[in-house]
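> my questions are about this predicted structure, shown below with the sequence.
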Amino acid sequence: MSDKYGNLIPTGRLLDGKPRTILFDATKCIGCRQCVHACKDWHDHPRTSVYEFSSSNWIQMEPPVLEGLSPLWARNSCMHCEYPMCAAVCPVEAITKYEEGPVVIDPVKCIGCEYCVYACPWGVISKDEVTQKASKCTMCAPRVSADKSPFCVQACPVGALDFGLEEEITAKAHARAAEIGGETYGENEAGGTQVVMVLKERKEAYGLKFVLPKKYPAHKIPLGLMLKDLFTPRCGVSGKLRALYLAIVHPKRLAYRYWPRRA
Amino acid sequence: MIDGSELFPARRATRLPGGYMGRILRVDLTTGSFTDENLPEEPVLRKFIGGQALALYILLKELPRDAAPLGPENKVVMMTGPITGTGLTPGGTKVTAVYLSPLTDYTLGRGASSGFWPVYLKAAGYDGIIIQGASPRPVYLFINEGRAELRDASRVWGQGARATEDMLRAEVGIQDARVMAIGPAGENLVRAAMLCNDYNHNAAHSAGAVFGVKKLKAIVVYGTQRPPLHDKEKLIEAGLRWRKTLMVRSVDEKKTAGHAEDLHALPNLNYRSSLIQDHARGFEQNRITLRPCFQCQRLCPWDVEIGEGPKKGAVGHYNAGSEWLDTFFNLGVKGNEALYLAERINDLGIECSHFSCGAAVAFEAWEKGLIGPADTDGLAFEWGNVATIDRLLDMAARRDGKWGELLAEGPTQVAAAIGGDAPKWVVHTKKGTPALHDWRPHFGQMLREIVASGGMKPQGGGSAKPPPDLAYREKWGPLDRDDPTGWPWSQVLSEQYRQFCGLTGGCWFAQMHMKPDGLKSVSDSLSATTGWNFDLDEGLVAGHRSMILQTLFGTQRGWIADHDWQQVGERFLEPIPDGKFQGFTIGKWIPQMVYDYYRLSGRHERTGRPFMDTLQRLGLEEFNEWAQLD
């Protein structure tokens, strides 16, 4: 892992170090949102709106209409990027990329600066209004550690979600895309992700975002937000000290935060 | 009568078991006031669990014995169960409403529904609702995160169920809100009006008429709470086991004639032929979308976009079963026009069998010359005449004209108005109507229809083999067509476990297929949710208790068991006219089968009253005055 990431982002291992991938087959999805509710059930999230991202809703099905009432469905949730920009911009190294795939936010370390919220190319990170911490899908990292599939995957009643070793899932996705004359999404976007989708129509028809196939894609953290962090007490004194220390120890990371296009 | 305050403690003396939200909302529509009632104490909950039994126990305590079904004093008690809305089991989606039935006027009415509404009722903080009184003007009840209010419904009064759902969701401004509503049929007190929720779901058997009397157009629920769980890990494990026992539905079967295929019989032209012909023509061109209930993998509900014919492009929303198809097959309609009409009847909110059995008698009378154009205001009552049926649906839902009035009242009233031999052609049980299929070739299903509480979709429906989880001790038979031995016990037992599943808040469709572990996984799910050590035997006793409460409710209002076999439409007991089961009827074993059924379930065979020892065994001694004494 260190060859790939240097000390740019924190990395870790949950189980055996073999990367895993979630497969979302849009041709099988019926838009029932059982994955969305399963996610809430596993994490004991309140039954907040299933139509928008929040700290208690980590999967959002596109389009945001009643279950079943659209011919096409896409899954919006964390793509678990191979090169996660959210982790690269985090000033306190609260976001870890695990070898098995999951990109996980540590709520204890998070200072609520919102950089990751803006850095995510898919806009799937939200900030909890109460705890002021960033949150998103964890790929059920504790379940992956126990060699189980994410809870959303096991909940799918029609087999539109699958989970397994990266090479096996990628092969399945390619075979399925060839079978239906469709395409895949997620393999190259943002330099590759650990969620791959099989689409029958073009991705625009599903409302999926166009993301360049570039590692650590450029982000748009508002300048005002950064200035606020530099000159106001936002995120707390300890948070600032931690951010300052880490900036000194790993100066290379600053480029990803402040000059994303040059990085 | 025991004071209601004893049942709902002001302060709990016992713990609240897992799975329950702890509160019941009492709505008095006359005064517009609300009361939060605490759920009964734990021993009462363990006895009645939830669903029909708990709701009915409350109704038995509160409903005056002289209440009229369509009077303001009738009450509707709606209850979920502890596993409703946990999200971790299949079928945890049920709400059951009980009331005095406007179909029979003297037995229990029960409407049960699934989908999402029951889950969001609990998310709003309530296990159930008691609805009493009547509002002077149309209102809807909005429960938002534990806060209830009555709002003006004049804007949606007159609208179909689908439009009402859309309009009220928009009006409350919460996209996740869930709506249960009545259509025009309920507003106009059609005796078999339904409650309709989440597009695809209906609680049939006249709850809609009781809502209509109360001028309650809809109940809109929203909330973010979830039921607390005793042992989540164990519940997940039990839920996964349960899931493995499901018989999952598929898109392909939605392109067939439906349940008639399994029954090998389909009602044609008022049950005068059972042959399946080209009834499903054109279905293969439809676009089907499965729309499962909340976290259930059985995938019963489905939507259609009709792909051919005069109704091409029309959209419909249906649930499992296919009564609404047989409803129109019975009137001579075939193919996608039957699906179109099915969507219409659900949107208007009329129980399909009630309409079909009534209209079919009128059509048969037309065919046989008893009535003619002069009697029908020029409408041609011809089999398969879609325009006429379409018009009659509207007339029935709005009690428009003579035929609208008659169809709204029911099949027996239609036949009585026609006169002659027409009363012999009616399919009905105690003025209600069976779930519309041709059940006649099948022992278990026929028995359950006959002993059900008057057109109320019955539970039970014994099968030829005991469920595997009970096979170690249950044996019956021989179950064949020449010997009725065994069927009554099969019915008694299956009614018990299906009742039990319903009481937990589970859907009995999610456990009706008799696979190994099917029943055990239900009782294990209940145990994991509540913290009770519930085994299957305790579950069966709870189911039995629910059956007996249902009987007691009728007994208190003049029902006796003899009515079950005496008040059955002749046509329903005629031999099958053709097809695989030609000539078969259970009629020759009636009333003996009915007697056996009541005797085996601890009730007197003629009065239906439970014996004293049955009440004692079930802990229902407080109802001793209604026991059969000899």
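In hand now; what should we look at? Residues are numbered from 1 along each chain as shown, chains lettered A, B, ... in the order given.
> just for chain A, where's the confidence low?
A:1-2, A:262-263 (pLDDT under 70).
> quick one: the residue of it most remote from its centre from chain B, how far?
Centroid-distance maximum for chain A: A:Phe231 at 29.8 Å, with C-alpha atoms, centre = their mean. Distance, A:Phe231 to chain B, by C-beta to the nearest C-beta, to the nearest Å: 37 Å. All C-beta atoms are positioned from the backbone trio N, CA, C, and that covers glycine.
> which residues touch that residue?
Counting by C-beta atoms under 8 Å, 6 or more residues apart in numbering or on different chains, A:Phe231 makes contact with nothing.
> okay, now A:Thr131: neighbour count?
A:Thr131: 12 surrounding residues under other C-beta atoms under 10 Å in any protein chain shown.
> ok, now the one 5 residues further on?
Other residues near A:Lys136 number 24, with proximity taken as other C-beta under 10 Å.
> same question, B:Arg599
Each residue near B:Arg599 was counted by other C-beta under 10 Å, and the total is 16.
> the helix or strand harbouring it: which residues count as buried?
Secondary structure assigned from DSSP states H and E places B:Arg599 in helix B:592-600. Of all the residues in helix B:592-600, those buried under the rule 16 or more other C-beta atoms under 10 Å in any protein chain shown are B:593-599.
> phi and psi next, for the residue in the stretch 1-150 of chain B that chain A sits nearest to.
Using C-beta to the nearest C-beta, the single residue of the stretch 1-150 of chain B nearest to chain A is B:Gly87, 3.9 Å away. Here is the backbone geometry of B:Gly87 (degrees, to the nearest 10): phi 80, psi 0.
> residues contacting it?
Contacts of B:Gly87 (C-beta under 8 Å, 6+ apart): A:37-38, A:40-41, B:119, B:226, B:294-295.
> now it: how far from B:Phe294?
B:Gly87 sits 7 Å away from B:Phe294 when distances are taken as C-beta to C-beta, to the nearest Å.
> count of residues packed around the residue in the stretch 351-500 of chain B positioned nearest to chain A?
Scanning the stretch 351-500 of chain B for the residue nearest chain A gives B:Cys352, at 21.7 Å (criterion: C-beta to the nearest C-beta). B:Cys352 has 26 neighbours, counted by other C-beta under 10 Å.
> let me know the pLDDT of the residue nearest to it when sequence neighbours are not counted.
Computed as C-beta to C-beta, 6 or more residues apart in numbering or on different chains, the closest residue to B:Cys352 that is not its neighbour in sequence is B:Thr327, at 3.9 Å. Note for B:Thr327: predicted pLDDT of 98.
> can you give me phi and psi for B:Thr327?
Per-residue torsions, B:Thr327: phi -50, psi -50 (degrees, to the nearest 10).
> now do the contacts for it.
Here B:Thr327 is in contact with B:338, B:341-342, B:345, B:352-353, B:355-356, B:436 (C-beta under 8 Å, 6+ apart).
> separation between B:Ala97 and B:Trp425?
Using C-beta to C-beta, one obtains 32 Å as the distance from B:Ala97 to B:Trp425.
> for the residue of the stretch 301-450 of chain B found nearest chain A, grab phi and psi.
Residue of the stretch 301-450 of chain B nearest chain A, by C-beta to the nearest C-beta: B:Asp303 (5.9 Å). Phi and psi for B:Asp303, reported as degrees, to the nearest 10, are phi -120, psi 150.
> thinking it is in contact with B:Gly316, fair?
Yes. B:Asp303 is within contact range of B:Gly316, at 6.7 Å (criterion: C-beta atoms under 8 Å).
> near chain B, which residues of chain A show up?
Counting by C-beta under 8 Å from any C-beta of the partner chain, chain A comes close to chain B at A:30-32, A:34, A:37-38, A:40-41, A:44, A:46-51, A:56, A:64, A:66-69, A:71, A:155, A:157-158.
> now with 7 Å, please.
A:30, A:32, A:34, A:37-38, A:41, A:46-51, A:67-68, A:157 (C-beta under 7 Å from any C-beta of the partner chain).
> check contacts around residue 70.
The chain I'm using is chain A. A:31, A:63 (C-beta atoms under 7 Å, 6 or more residues apart in numbering or on different chains).
> actually it's chain B I care about, not the one you picked
Counting by C-beta under 7 Å, 6+ apart, B:Leu70 touches B:102, B:189, B:209, B:213.
> can you count the residues close to the third one?
The one in question is B:Ala209. Counted with other C-beta under 10 Å, residues neighbouring B:Ala209 total 31.
> which strand or helix spans it?
helix B:207-213.
> next secondary structure after that helix?
Of the helices and strands lying after helix B:207-213 in sequence (DSSP H and E), the nearest is strand B:216-222.
> run the chain-centre distance for that following strand.
Computed by C-alpha atoms, centre = their mean, to the nearest Å, the chain-centroid distance of strand B:216-222 equals 19 Å.
> my read is that B:Ala203 contacts B:Ala112, right?
Yes. When contacts are counted by C-beta atoms under 7 Å, B:Ala203 is listed as touching B:Ala112 (5.8 Å).
> what about the helices in chain A?
Secondary structure of chain A (DSSP state H): helices at A:2-5, A:34-43, A:85-89, A:115-119, A:141-145, A:151-155, A:166-180, A:223-231, A:237-249, A:252-258.
> still on that earlier bit, next SSE downstream of the helix holding B:Arg599?
Later in the chain than helix B:592-600, the nearest helix or strand by DSSP H and E is helix B:612-617.
> how about the longest helix anywhere in chain B: buried residues?
The longest helix of chain B (DSSP H) is helix B:536-555. Buried positions in helix B:536-555, judged by neighbour count with 16+ other C-beta under 10 Å: B:536, B:538-555.
> the helix or strand hosting B:His317 packs against which elements?
Element membership for B:His317 (DSSP H and E) is strand B:315-318. Strand B:315-318 sits against strand B:302-305, helix B:336-348, with contacts defined as 3 or more C-beta pairs under 7 Å, 6 or more residues apart in numbering or on different chains; DSSP states H and E.
> give me the mean pLDDT for the shortest one.
Along strand B:302-305, the predicted local confidence has a mean pLDDT of 97.
> returning to that earlier point: how close does the residue farthest from the centre of chain A sit to A:Thr27?
51 Å.
> so which bits of stretch A:161-170 are buried?
Within stretch A:161-170, judged by 16+ other C-beta under 10 Å, the buried ones are A:161-164, A:166, A:169-170.
> quick one: which of those is nearest B:Met512?
Closest approach to B:Met512 among these (C-beta to C-beta): A:Leu161, at 27.3 Å.
> hmm, the closest one is touching A:Phe24, no?
Yes. Judged on C-beta under 7 Å, A:Leu161 makes contact with A:Phe24 at a distance of 5.9 Å.
> counting neighbours, what do you get for A:Cys137?
Using other C-beta under 10 Å, A:Cys137 has 25 neighbouring residues.
> for the residue nearest to the spatial centre of chain A, which non-adjacent residue is spatially closest?
Of all residues in chain A, the one closest to the mean position by C-alpha atoms, centre = their mean is A:Cys78, 2.4 Å from it. Of all residues not flanking A:Cys78 in the chain, A:Cys137 sits nearest, at 3.9 Å (C-beta to C-beta, 6+ apart).
> how close does that neighbour get to A:Glu62?
Remark: distance between A:Cys137 and A:Glu62 (C-beta to C-beta) = 15 Å.
> thinking again about what came up before, how about a markdown table for the contacts of B:Leu70, with pLDDT added?
A markdown table is the format used below for the contacts of B:Leu70 (pLDDT from 0 to 100):
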| residue | pLDDT |
| --- | --- |
| B:Pro102 | 96 |
| B:Leu189 | 98 |
| B:Ala209 | 98 |
| B:Val213 | 98 |
